[in-house]
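A.B. asks: let me see the structure of the following:
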Amino acid sequence: MTSPVIVVGGGLGGLSAAICLAHAGKKVTLLEQHDRLGGKCNLREWEGFQFDTGPSLLTMPFVLDELFAKVGRRREDYLEFTRVTPACRYFFTNGKTFDAPGSLETFRDAVAQDYPQDVVGFDRFMKYCRDLWEVSGPLFLFNRLEPGLVTKIRPKHALAGLAAMRPWTLRQAVEHYFKAPELRQLFSRYATYNGSDPWRTPATFNVISYVEMTFGSWHIQGGIYKLVEALAQVAGELGVDVRAGVGVDALRFTQGRVAGVRLVDGRELDAERVVVNADGVTALTGPLFREHPKALKWKAKWEQREASSSGGVQLLAIDGECEALACHNIFFNENYRQEFTDLFEAPQPLRDPTIYVAAPCKIDPSQAPKGKEAWFVLVNAPDTQSSPGWPGDYDAHVRQRLAERLPWFHENRVIWSESLPPSYLRDTYGSWRGAIYGPSSNNRRAAFLRLPIRCPAKGVFFAGGSAHPGGGMPLVLTSGRLAAELAAR
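C.D. replies: Numbers count the residues shown, from 1 in each chain. Below is the predicted model:
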């Protein structure tokens, strides 16, 4: 009989790992402590309103297509994608708005129309980002970080890529290519895709904007949670033993090698391989690894790292339809630099937050009753260790700021709400310090300092947003595939 593999956690990374392992012929048991699968990619429903509580946008859809194909399925048989156009509507404090189209070509046209002085800079910036992608994207994002990986860079890409990897921060690169303050603010925002500070994170993360424009912005019809349901269906078809509502207390080790898990009810399950789809830093610094002889050493190593940002979320059921909003919207503040000072240098709830409003009901009628809208409202927040307090009136502060920028909106339009403060991520999903993306990327070597797929404990592998290659649905799914490839050996 094939050796059993246990997957701890039923988020996107755990589901991806489980279906790849099952397709490889392994006997797989997936254990999820909550009653619902999905981890941070989850769902709230209220009287016909539907809210995705985690990711709200899909990029790099080919990653999902390839994952389904890898296990002998067609993604189209499970999920329907809709391209989001505009990809995002930006509101600036000077009264200007900018609709960012969902492709590279149409984005250039929009820049030419609204910021003609920056067309040449945009072309140069995209070439620079393309060079970054060709040298670092497919190679480093879709493979394990192992010795010799850099030797696989194609010679024709090496020189251009190395030239693009100047010792800039993301913000310095943006300022080099763009003159308009609106475009500088817009492109600096991509640092928040991994919870980092554009004035500190390496310029290589500018590749995120190139990826979004090149591969488009997409919505999953029926809501992002449909992806979790589809992966769970495939897992069942492949014979994965999915057990929801079953918590793991600790991993068991014999002479430093994993031997299985101990459940919170005291039962023990044996396994020769374990994929951990919990937050990797929380796992290494907390009770999950407490029985390993090197647990205290790992705890000391990771606890000194800086955390990425967290977030404060409000789910709002809205009476009426706001014509001013697109599917995805950003209301920038006036002093963007101050926002990241408040996040990382003098941590506190942001005094003047940039506000993100996702309203997928604009393109998906299933998300809200007719004539009403379901809004996901997000602001950046410091991690819960740096700034443990979250004022009780902060949600009202955010809504007041939103009303100042969006006159259509006022409190009387809110017919139901739920608040998910930074502590929610920590307490519900075990996110390290409430951080969305694990350790921050405010370091020039950040891409190489993430948790590796291969855990230092023998027989254990990580899958999830805190591990390589990082956060976001496509990368988390990739981490599951990479973990499965190792665990299947």
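A.B. asks: now find how far off-centre the biggest helix by length in the chain is within its chain.
C.D. replies: Of all the segments of type helix in the chain, defined by DSSP state H, the longest one is helix 119-136. Its chain's average C-alpha position is 23 Å from that of helix 119-136, according to C-alpha atoms, centre = their mean, to the nearest Å.
A.B. asks: which secondary structure elements does that helix contact?
C.D. replies: Contacting helix 119-136 under the criterion 3 or more C-beta pairs under 8 Å, 6 or more residues apart in numbering; DSSP states H and E are the following elements: helix 104-114, helix 155-164, helix 170-177, helix 207-215. C-beta coordinates here come from the backbone N, C-alpha and C atoms, glycine included.
A.B. asks: and it, what's buried?
C.D. replies: Neighbour-count burial for helix 119-136 flags 121-122, 125-126, 128-136 (criterion: 16 or more other C-beta atoms under 10 Å).
A.B. asks: now swap in stretch 241-261 and tell me
C.D. replies: For stretch 241-261, using 16+ other C-beta under 10 Å, the buried residues are 241-242, 246, 248-253, 258-261.
A.B. asks: determine which two of these are furthest apart.
C.D. replies: Comparing every pair within the buried residues of stretch 241-261 by C-beta to C-beta identifies Val242 and Phe253 as the most remote, at 25.0 Å.
A.B. asks: could I get the pLDDT score of the residue lying closest to Phe462 once chain neighbours are set aside?
C.D. replies: In space, and not counting its chain neighbours, Phe462 is closest to Gly280: 4.5 Å by C-beta to C-beta, 6 or more residues apart in numbering. The score at Gly280 is 93. That number is its pLDDT.
A.B. asks: contacting residues around Val398?
C.D. replies: Contact analysis of Val398 by C-beta atoms under 8 Å, 6 or more residues apart in numbering lists Gly312, Gln314, Pro353, Ile355, Val377, Val379.
A.B. asks: again, only using 10 Å
C.D. replies: Gly312, Gln314, Pro349, Leu350, Pro353, Ile355, Val377, Leu378, Val379, Ser419 (C-beta atoms under 10 Å, 6 or more residues apart in numbering).
A.B. asks: Leu315 too?
C.D. replies: 44, 46, 49-53, 374-377, 416-420.
A.B. asks: identify the farthest-apart pair in those.
C.D. replies: Greatest spatial distance in these: Gln50 and Ser419, 17.7 Å, computed using C-beta to C-beta.
A.B. asks: more neighbours, the two?
C.D. replies: For Gln50 versus Ser419, neighbours defined as other C-beta atoms under 10 Å are more numerous around Gln50 (19 against 15).
A.B. asks: would you quantify the distance from the more buried one to Phe81?
C.D. replies: Applying C-beta to C-beta, to the nearest Å, one obtains 18 Å for the distance of Gln50 from Phe81.
A.B. asks: and the contacts of Leu315, which are buried?
C.D. replies: Neighbour counting with 16+ other C-beta under 10 Å marks Phe49, Gln50, Phe51, Asp52, Thr53, Ala374, Trp375, Phe376, Val377, Ser417, Leu420 as buried within those.
A.B. asks: narrow these to those in strands?
C.D. replies: Judged by DSSP state E, those include Phe49, Gln50, Phe51, Asp52, Ala374, Trp375, Phe376, Val377, Ser417, Leu420 as members of strands.
A.B. asks: ok, so of those residues, who is nearest Ile318?
C.D. replies: Proximity of these to Ile318 was ranked by C-beta to C-beta; the top entry is Trp375 with 5.7 Å.
A.B. asks: correct me, but the closest one touches Leu316?
C.D. replies: Yes. Because the distance of 4.3 Å satisfies C-beta atoms under 10 Å, Trp375 is recorded as touching Leu316.
A.B. asks: mutual contacts of those two, please.
C.D. replies: Counting by C-beta under 10 Å, 6+ apart, the contacts common to Trp375 and Leu316 are Phe49, Phe51, Val357, Ala359, Leu402, Phe409, Arg413, Val414, Ser417.
A.B. asks: from the contacts of Val398, which would you call buried?
C.D. replies: Here the buried ones among those, as counted with 16+ other C-beta under 10 Å, turn out to be Gly312, Gln314, Pro349, Leu350, Pro353, Ile355, Val377, Leu378, Val379.
A.B. asks: any chance of those in a markdown table, plus secondary structure, pLDDT and distance to Leu186?
C.D. replies: A markdown table is the format used below for the buried ones among the contacts of Val398 (DSSP: H, G, I helix; E, B strand; the rest coil; pLDDT from 0 to 100; distance: C-beta to C-beta, whole Å):
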| residue | secondary structure | pLDDT | distance to Leu186 |
| --- | --- | --- | --- |
| Gly312 | strand | 97 | 22 |
| Gln314 | strand | 98 | 23 |
| Pro349 | coil | 95 | 24 |
| Leu350 | coil | 96 | 18 |
| Pro353 | coil | 97 | 17 |
| Ile355 | strand | 98 | 15 |
| Val377 | strand | 98 | 20 |
| Leu378 | strand | 98 | 17 |
| Val379 | strand | 98 | 17 |
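A.B. asks: I'd like to know which of the buried residues of helix 119-136 is nearest to Val211.
C.D. replies: Trp133 (6.8 Å).
A.B. asks: now do the closest one against Tyr210, distance only.
C.D. replies: As it turns out, when the distance is counted by C-beta to C-beta, Trp133 lies 5 Å from Tyr210.
A.B. asks: what's the answer for Thr384, then?
C.D. replies: Distance of Thr384 to Tyr210, given as C-beta to C-beta: 32 Å.
A.B. asks: more crowded one of the two?
C.D. replies: In terms of neighbours (other C-beta under 10 Å), Thr384 is the more surrounded of Thr384 and Tyr210; the figures are 24 against 21.
A.B. asks: list the contacts for the more buried one?
C.D. replies: If a contact means C-beta under 10 Å, 6+ apart, then Thr384 has 307, 310, 347, 390, 421-427, 431-435 as its contacts.
A.B. asks: excluding its backbone neighbours, what's nearest Asn42?
C.D. replies: Spatial nearest neighbour of Asn42, chain neighbours left out: Thr53 (4.8 Å); criterion: C-beta to C-beta, 6+ apart.
A.B. asks: pretty sure that neighbour sits against Ala374.
C.D. replies: No. Contact status for Thr53 versus Ala374: not in contact, 11.4 Å apart, counting by C-beta under 10 Å.
A.B. asks: anything in contact with each of the two?
C.D. replies: By the contact definition C-beta under 10 Å, 6+ apart, Thr53 and Ala374 are jointly contacted by Arg44, Leu315.
A.B. asks: re the thing from before, from the contacts of Leu315, which is closest to Pro4?
C.D. replies: Nearest to Pro4 among the contacts of Leu315: Thr53, at 32.1 Å, using C-beta to C-beta.
A.B. asks: got the contact list for the closest one?
C.D. replies: By C-beta under 10 Å, 6+ apart, Thr53 lies in contact with 38, 40-44, 224-225, 313, 315, 376, 418, 420, 424, 428.
A.B. asks: and those residues, which of them are in helices?
C.D. replies: Among these, the members falling in helices (DSSP H) are Tyr225, Tyr424, Thr428.
A.B. asks: for the second one, give its distance to Met213.
C.D. replies: So the one you mean is Tyr424. Going from Tyr424 to Met213 by C-beta to C-beta gives 32 Å.
A.B. asks: filter the contacts of Thr384 down to the buried ones.
C.D. replies: Burial of the contacts of Thr384 was assessed by neighbour count (16+ other C-beta under 10 Å); the buried members are 307, 310, 347, 390, 421-426, 431-435.
A.B. asks: among these, which one has the lowest pLDDT?
C.D. replies: Of all these, Trp390 carries the smallest pLDDT score, 91.
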